[in-house]
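Engineer: predicted model and sequence follow; I will ask about them next.
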Amino acid sequence: MDAVTAPTAMGGRRAYDARGLVEPTVETPKVSEIDGDRAVFDAANLSTRQINRELRWLLYEEKISDVTVNNSGAKHSLAVAILRRCRLTINGSLGYFGLGLIDGPEVVVNGRVGWSVCENMMSGTVVIQKNAGSTTGAALRGGDLVVKGSVGARTGIDQKGGLILVGGNGGANCGFMMQRGVQVYCGDIGPGLGDSMYDGRIFVAGSVTSLGVDCIEAEMDAADEEYLDRKFGLYGMERPDVFRKFVCGRKLWNYDNLEPGERKLVL
Amino acid sequence: MCGIAGILHRDGAGAVGAEMTKMLQAMKHRGADSTGYALYGQPSDSIVMRFKLAEANGPRGFEFSERLERHRNEVDSRLQKIGASVQRIEGETEYAYRAEIRYDGDLKALADYVEDVPGCEILSLGKSLEIIKDLGDAETVAHQYGLGQFSGTHAIGHVRMATESDVDISGAHPYWAYPFADVAVVHNGQLTNYHHWSRRLERGGHRFQSECDSEIIAVYLAQKMAEGIPLETAMKMSLDDLDGVFTYMVVTSDSLGVAKDEMAAKPLVLFESDDLVALASEETAIRAVLPQEIDTYDPYEREVLVWTR
């Protein structure tokens, strides 16, 4: 498909194809400094596609297992769809949709992240040292997503597994339509917590503005306490002494109310 | 989708024209139908009136230039008839103008009289506010209107992906809060009780220049201020009165404010330091003027924040 170019704010030119997709013909920059199974590169002057191509080249062709990306500059959609075990350190912030669809990496982001980080993450661990935007961990399926700062609205919307551990506060409608997994908030939480959730557990140490429809408070048990101790210890975070636990009240529509044939259709 | 941005220098002035262009260009992907600026220069004794006499993409027809010239002269004549001293009127483009006037009378009377000239729409009126908006991305509009040299204290801007109304200058943001000097609004979102509020405000004597739902916010805030309600209080009231999803910014001669709806459905990233406030729909916009690593956060639902210089 033919590409056209347009001037960028930085003075260079960026290519678009006939569908408006940016940089359809971008090549892997291969600018990393490689030392054994480690590599590091500066992303300051690279585009999103160049950064992602560099990562894929390092991880899949050069078989590097420990990559450091400097100056990520809050660009969108970075480090997505990495489907192997590896270490990834990002020194800088991410824009929207960072680390989506990953399966296996251990990631540390020394910065903040925008909306929808780790959407559909399958496994691995992601530790974000600062704040995260809204819809953090949307449709998370597995792995641990740790945000040491605060998160925005609708965190863990449609979560299907894994853990979202938040060191600070959460916004409105966190855990909306949550189906499985665990959410932990050390700070306060906004209105509509766990609205229309099907299953899973939400732990909150601070205040709760209001509960969403069919979200109820439940008793903490020994397994909950052991789980929280283990996860806080794993990530070196100080655990608040007291948590409240919230679960689904199962008064609304629930998978278990379906006939087996209907359940197959849904799942 | 649309994108909004704001910047405020807490002390002194900065190159807000160039800064806002960088911020808006970094969000071009959120909408390139039109781009608009509300820039605040150093206050002066004169009133700056930005107005247009035709749409950028409207039909031209025969004798278009002559008709615009007649209408421009009619604006000049009406300004003088109502008691304004016209210092200069400059054509910025074929259809958009910048006038400097001295006038102590009622701004609503002046605005209504001038806008009665066929095709005329006042984009802004104020002693420090100048609203510039046109079709295309930020670099296109900034180049067209020479905004790179604009020095000022604060600014807001908007990149538009038109959804609810036409792609034209009237539908572009920011909106001036007619008839109040130096008040402007940008909005990202959708208001679902637009018709309810437009009918109500029109009954109160306000006018709308577009079919765009966002214009409601500017006029709504203007109405509240006319009732003597402080800006921040009016913004808090808007959270209950306006229905839909929204993040909007409002600027006055010395303040920049932002409000988010109860669902926090539209994004906003905020950076604050001792000398600067920068906020935008995406952090990439803030990074366009602050490339170093910075601490930012997302304001929560129902938050109203106002910074005053």
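Structural biologist: Happy to help now that I have it. Numbering: from 1, shown residues only, chains lettered A, B, ... in the order given.
Engineer: just give the nearest non-adjacent residue to B:P291, would you?
Structural biologist: In this structure, B:P291 finds its nearest non-sequential neighbour in A:G73, 7.2 Å apart by Cβ to Cβ, 6 or more residues apart in numbering or on different chains. From N, CA and C alone the C-beta is placed, and that goes for glycine too.
Engineer: repeat that for A:V242.
Structural biologist: Using Cβ to Cβ, 6+ apart, the closest residue to A:V242 is A:A205 (6.5 Å).
Engineer: could you tell me the phi and psi values at that neighbour?
Structural biologist: phi -90, psi -30 (degrees, to the nearest 10).
Engineer: just the strands from the stretch 151-267 of chain A, written as ranges.
Structural biologist: A:160-166, A:180-185, A:201-204, A:215-218, A:244-248 (DSSP state E, counting those that start in this stretch).
Engineer: which of these sits closest to B:A278?
Structural biologist: strand A:160-166 (25.2 Å; Cβ to Cβ).
Engineer: just the buried residues of the closest one, please?
Structural biologist: A:160-166 (16 or more other Cβ atoms under 10 Å in any protein chain shown).
Engineer: and those residues as CSV, adding distance to A:V80?
Structural biologist: As requested, those are arranged in CSV below (distance: Cβ to Cβ, whole Å):
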residue, distance to A:V80
A:K160, 18
A:G161, 19
A:G162, 17
A:L163, 20
A:I164, 18
A:L165, 22
A:V166, 22
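Engineer: which one of those residues is nearest to A:C248?
Structural biologist: A:K160 (13.9 Å).
Engineer: quick check: that closest one vs chain B, distance?
Structural biologist: 22 Å (Cβ to the nearest Cβ, to the nearest Å).
Engineer: and that residue, how far from A:R84?
Structural biologist: To A:R84, A:K160 is 22 Å away according to Cβ to Cβ, to the nearest Å.
Engineer: endpoints of stretch B:271-285, how far apart?
Structural biologist: Criterion Cα to Cα, to the nearest Å; first-to-last residue distance in stretch B:271-285 is 11 Å.
Engineer: can it be found next to chain A?
Structural biologist: Yes. Stretch B:271-285 comes into contact with chain A (Cβ under 8 Å from any Cβ of the partner chain), by way of B:282-284.
Engineer: pull out the buried residues from these.
Structural biologist: Neighbour counting by 16+ other Cβ under 10 Å classes B:282-284 among those as buried.
Engineer: still on that earlier bit, do I have it right that the residue nearest to A:V242 meets A:I189?
Structural biologist: No. The pair A:A205 / A:I189 is not scored as a contact, 9.5 Å apart, by Cβ atoms under 8 Å.
Engineer: of those two, who's got more company?
Structural biologist: Between A:A205 and A:I189, counted using other Cβ atoms under 10 Å in any protein chain shown, the more crowded position is A:I189 (30 against 18).
Engineer: what sits against that one?
Structural biologist: Counting by Cβ atoms under 8 Å, 6 or more residues apart in numbering or on different chains, A:I189 makes contact with A:169-170, A:174, A:204, A:206-209.
Engineer: buried subset of those residues?
Structural biologist: Buried, going by 16+ other Cβ under 10 Å: A:169-170, A:174, A:204, A:208-209, out of these.
Engineer: out of the residues you listed, who's near chain B?
Structural biologist: Checking the buried ones among the contacts of A:I189 against chain B (Cβ under 8 Å from any Cβ), the matches are A:N169.
Engineer: pLDDT added to the buried ones among the contacts of A:I189, as a markdown table?
Structural biologist: Output for the buried ones among the contacts of A:I189, formatted as a markdown table (pLDDT from 0 to 100):
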| residue | pLDDT |
| --- | --- |
| A:N169 | 98 |
| A:G170 | 97 |
| A:C174 | 98 |
| A:V204 | 98 |
| A:V208 | 98 |
| A:T209 | 97 |
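Engineer: returning to what we had before: what's the closest of the contacts of A:I189 to chain B?
Structural biologist: Nearest to chain B among the contacts of A:I189 is A:N169, at 7.8 Å by Cβ to the nearest Cβ.
Engineer: ok, for the closest one, nearest residue in space, not its chain neighbours?
Structural biologist: Leaving aside its sequence neighbours, A:N169 sits nearest to A:G187 (Cβ to Cβ, 6+ apart; 3.8 Å).
Engineer: let me see the contact set for that neighbour.
Structural biologist: Per Cβ under 8 Å, 6+ apart, neighbours of A:G187: A:150, A:166-170, A:205-206.
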